[in-house]
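J.: Here you go, sequence then predicted model.
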Protein chains: 2
Amino acid sequence: MFAERIQSLTSSIIREILASAQQPGMISFAGGLPAEQSFPDVDWSTLPNSVRQYGMSEGEPELREAIAAEARQKGIDCDASQVLILSGSQQALDLVSKLFIDPDSPVLIESPTYLAALQCFNLFQANCIGAKLNAKGPDLAQFEHLIRDYQPRFTYLIPSFQNPSGTCYDVASRKAVAALLDQYNLPLYEDEPYCELDYDQTEKPPICSFLKESPWIYSGSFSKVLIPGLRVGYLIAHPMLFPHLMRLKQAADLHTNRPGQWMALEYMKSADKPQRLARLREFYRVRRDAFAQALEAEFADIAEWQIPSGGLFFWLKLNKEIDTRPLLQKALAEGVVFMPGEAFFAEKNPPLGYIRLNFSHTEPDLIVEGLRRLRRVLEQA
Amino acid sequence: MFAERIQSLTSSIIREILASAQQPGMISFAGGLPAEQSFPDVDWSTLPNSVRQYGMSEGEPELREAIAAEARQKGIDCDASQVLILSGSQQALDLVSKLFIDPDSPVLIESPTYLAALQCFNLFQANCIGAKLNAKGPDLAQFEHLIRDYQPRFTYLIPSFQNPSGTCYDVASRKAVAALLDQYNLPLYEDEPYCELDYDQTEKPPICSFLKESPWIYSGSFSKVLIPGLRVGYLIAHPMLFPHLMRLKQAADLHTNRPGQWMALEYMKSADKPQRLARLREFYRVRRDAFAQALEAEFADIAEWQIPSGGLFFWLKLNKEIDTRPLLQKALAEGVVFMPGEAFFAEKNPPLGYIRLNFSHTEPDLIVEGLRRLRRVLEQA
């Protein structure tokens, strides 16, 4: 009765956890919610009546201009005609899947990678091939092998403060990856929702800014720097890909909501945007540092990790290679939630013993208590 | 390089026309834009800060309750747990396609049908089978034949003031269609964006309210009764289908924008909602009647049509069976746009000589001039 793709449509572990995490007293290191305290006060009172009518599928022209201008500052050679406003950058996963994936199409991803990306590519029945991430980027020899062996339709990379691993590619890795993509004419889908959440001023030019041959898609979000409830994100695409993506957007939902686009433009135009971003980074830097300190005190003898220089997550490798998925229910009973690392790998038998901990959403004075609860669960295992 | 589905991704004729129709002096009978004058003043100043955070994939609980309550009044046996808030009811096309359509899956549609539905089903590589519409609903004998011959995955119907034909199924047809669907256990996707735009108080119980066996999806829109720029619509689904559709929604864009959902709920809760709807119907009834009068004066000798009892369109059958697609460029040159009827049929060789004219968006004092321009184009053909 249903389409074949529905077989891959298992319940999202994130969703179940977010539902459970609503209980009072629960300390949640799962999810990736921004902190409410970081949200700017927004003023809707001057929203113009002109946004009531249907809009253009591409998005509001002024917002597209502003996004293109910012992207050029990052080194991306583009103009507004290449910018497509999306209903959240999550929508890029859907549109890019539609553009490239037939059943069994190979797709080259990072291992681990963003859970919702895995779910979306699997929904379109892709064959997801994971490339191992080292501290500064992918293992380049393996990356090239996988391109040659599988001839993937595209590669999906999150080079800055990756979810879940926190990895930030260094400049040499970015250039080397771009060279490989050009060599094999492999399209790039570069997903950068976290790149503004940079706490240590890391140099991170977009990989697509180094490409000379391969077509590319670069996606970004307003959910982390402004507010997520708007559901406004964007992609920028190589001129060869843009017309297809625009029609796929039109078929998906006609266009992105216009009040949200208006608010995103207000943000882009605001004179104090640099100060707002600086305050946001400082807010999260303090949270990251508090989390790092608590981790060092509570977990130093049972796990290892890198301190992420941006983004929202710590990625822990436990000293014991245990399957952390069955621990989630026990953690819920203890009043704490985390993300089992296994969920972020494409393999049916994923590496064991990893967990992802979000540091952006938990009040600093609850971190130690949450880690102690989690430690009790891990010690029982 | 691209997925196979991209071959079906031709440019949308609607899109090209809407772009052209922006020219000053153009009279547009194409598109389906609501009239700006019909839009309520909306007050955003009391939008609560609570909508800034991520929301639930299903949508805001209060809005789901309000939609379920209204649906029960229409005779649909449902509760809030079956309501999924969408980024416009257009999104239901995408989600239902994902749920049911594999390449070459047969889908039973009305002939003619909504252009964007055809495009979406074709994008998912469906085999669209058209069932002929009579004045009061489908030809039931042919409808049953097509079910038996093709065993479609689902049927897509717009029973009230259909786009493009304006057809409104009478109650007997609704019951008879429901009985056939139950007999063959054929899932129903009932799309009702126009059902509130009812100018003659037509009785129109939802087809899904008569179903006893078959699973169903009912979709509705806030674009026509409130404002389209919000991009908020909804579907209500049989409990067997809901969990799949909810996960497909989550994969597509996480959740619908929350400022728009808040505004939709304000509308649903507003004490003067019945008066607002009555004023809206009166506004469009006047436009419809003015359009009917102008048509009678200008087109009586070259076409025939029914006066639609709701919705936004007149559907004209020209006395001459000419292909109206090549006339569109000529019409643009004359300063008028319309929708060629051929676009609304699934067949590669569609019936000729139909055009769709929108009456909601053109100022009444421009209708006669627009029809005269169009007549000149038709006479040259």
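T.: Done, it's in. Numbering: from 1, shown residues only, chains lettered A, B, ... in the order given.
J.: switch to C-alpha atoms for all contacts and neighbour counts from now on
T.: Will do.
J.: The nearest residue to residue A:4 once chain neighbours are set aside: how many residues sit nearby?
T.: Using C-alpha to C-alpha, 6 or more residues apart in numbering or on different chains and skipping the chain neighbours, the partner closest in space to residue A:4 is residue B:102 (6.7 Å). By other C-alpha atoms under 10 Å in any protein chain shown, the residues close to residue B:102 number 18.
J.: Am I right that residue B:102 is in contact with residue B:122?
T.: No - counting by C-alpha atoms under 8 Å, residue B:102 stays clear of residue B:122, with 10.7 Å between them.
J.: Name the residues of the longest helix along chain A that are buried.
T.: In chain A, with assignment by DSSP state H, the single longest helix is helix A:273-299. Neighbour counts over helix A:273-299 (16 or more other C-alpha atoms under 10 Å in any protein chain shown) mark A:276-277, A:280-281, A:283-285, A:287-288, A:290-292, A:294-295, A:298-299 as buried.
J.: wait, what's in contact with the residue nearest to residue A:209 when sequence neighbours are not counted?
T.: Of all residues not flanking residue A:209 in the chain, residue A:76 sits nearest, at 4.8 Å (C-alpha to C-alpha, 6+ apart). Taking C-alpha atoms under 8 Å, 6 or more residues apart in numbering or on different chains, we find residue A:76 in contact with A:206, A:208-209.
J.: and residue A:76, what element?
T.: Using DSSP states H and E, residue A:76 sits in no helix or strand.
J.: Please report phi then psi for it.
T.: Here is the backbone geometry of residue A:76 (degrees, to the nearest 10): phi -90, psi 120.
J.: I'd like to know how far it sits from chain B.
T.: Distance, residue A:76 to chain B, by C-alpha to the nearest C-alpha, to the nearest Å: 23 Å.
J.: What ranges does chain A have for its helices?
T.: A:13-20, A:61-73, A:90-100, A:115-123, A:140-150, A:171-184, A:242-253, A:258-269, A:273-299, A:327-334, A:364-380.
J.: Just give me how far the longest one sits from the chain centre.
T.: Its chain's average C-alpha position is 18 Å from that of helix A:273-299, according to C-alpha atoms, centre = their mean, to the nearest Å.
J.: give me the low-pLDDT residue ranges for the stretch 1-150 of chain A?
T.: Scanning the stretch 1-150 of chain A for pLDDT under 70 picks out the ranges A:10-18, A:20-21.
J.: Flag every residue of it that's near chain B.
T.: For the stretch 1-150 of chain A, the contact set with chain B under C-alpha under 8 Å from any C-alpha of the partner chain comprises A:1-6, A:9, A:11-12, A:33-34, A:36, A:39, A:41, A:43-45, A:47, A:49, A:51-55, A:87-91, A:93-94, A:98-102, A:116, A:119-120.
J.: Filter those residues down to the buried ones.
T.: A:2-6, A:9, A:12, A:33-34, A:39, A:44, A:47, A:51-55, A:87-91, A:93-94, A:98-102, A:116, A:119-120.
J.: And residue A:200, how close does it get to residue B:365?
T.: Distance check for residue A:200 against residue B:365: by C-alpha to C-alpha, to the nearest Å, it reads 63 Å.
J.: again, but for residue A:328
T.: 67 Å.
J.: and what of residue A:350?
T.: 68 Å.
J.: and these two? which has more neighbours close in?
T.: Applying other C-alpha under 10 Å to residue A:350 and residue B:365 shows that residue A:350 carries more neighbours, namely 16 against 10.
J.: and the nearest residue to that one once chain neighbours are set aside, what does it touch?
T.: Once flanking residues are discounted, residue A:350 sits nearest to residue A:342: 5.6 Å by C-alpha to C-alpha, 6+ apart. The contact partners of residue A:342, taken as C-alpha under 8 Å, 6+ apart, are A:323-325, A:350-355.
J.: can you pick the most crowded of the residues you listed?
T.: Busiest of the contacts of residue A:342 [other C-alpha under 10 Å] is residue A:354, holding 27 neighbours.
J.: Could you export stretch A:175-186 as CSV, CA atoms only?
T.: Provided in CSV are the C-alpha atoms of stretch A:175-186 (Å, rounded to 0.1, in the frame of the first residue of the first chain):
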residue,chain,number,x,y,z
LYS,A,175,41.5,23.1,0.2
ALA,A,176,42.5,19.5,-0.2
VAL,A,177,38.8,18.4,-0.2
ALA,A,178,37.9,21.0,-2.8
ALA,A,179,40.8,19.8,-5.0
LEU,A,180,39.6,16.2,-4.8
LEU,A,181,36.0,17.2,-5.6
ASP,A,182,37.2,19.2,-8.6
GLN,A,183,39.4,16.3,-9.7
TYR,A,184,36.4,13.9,-9.7
ASN,A,185,33.8,16.5,-10.6
LEU,A,186,31.9,15.5,-7.5
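J.: And for it, what's in contact with it?
T.: A:140, A:144, A:147, A:152-155, A:187-188, A:207-208, A:210-215.
J.: go on, stretch A:200-210?
T.: Counting by C-alpha under 8 Å, 6+ apart, stretch A:200-210 makes contact with A:74-77, A:159-160, A:168-171, A:174-175, A:177-179, A:188, A:190, A:216-218, A:309-310, all of which sit outside it.
J.: What of stretch A:57-64?
T.: A:80-81, A:83-86, A:246, A:249-250, A:254-256, A:258, A:261-262, A:264-265, A:268.
J.: again with stretch A:369-381
T.: Outside stretch A:369-381, the residues that touch it by C-alpha under 8 Å, 6+ apart are A:27-28, A:294-295, A:298-299, A:322, A:327, A:330-331, A:334-337.
J.: and which of those is nearest residue A:242?
T.: Checking those against residue A:242 with C-alpha to C-alpha, the nearest one is residue A:28 at 38.9 Å.
J.: Does that closest one touch residue A:336 like I think?
T.: Yes - Residue A:28 sits in contact with residue A:336 when judged by C-alpha under 8 Å, with a separation of 5.6 Å.
J.: more crowded one of the two?
T.: Set residue A:28 next to residue A:336 and count neighbours by other C-alpha under 10 Å: residue A:28 wins out with 28 against 25.
J.: Residue numbers of the stretch 151-300 of chain A in contact with chain B?
T.: A:153, A:227-231, A:244, A:247-248, A:251-260.
J.: Buried ones from these, can you make that a PyMOL selection?
T.: To isolate the buried members of those in PyMOL, using 16+ other C-alpha under 10 Å:
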select buried, chain A and resi 153+227+228+229+230+231+244+247+248+251+252+253+254+255+256+257+258+259+260
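J.: do you know how far the closest residue to residue A:158 other than its chain neighbours is from residue A:268?
T.: Sequence neighbours aside, residue A:191 is the residue nearest to residue A:158 in space, at 5.0 Å (criterion: C-alpha to C-alpha, 6+ apart). Distance of residue A:191 to residue A:268, computed by C-alpha to C-alpha: 20 Å.
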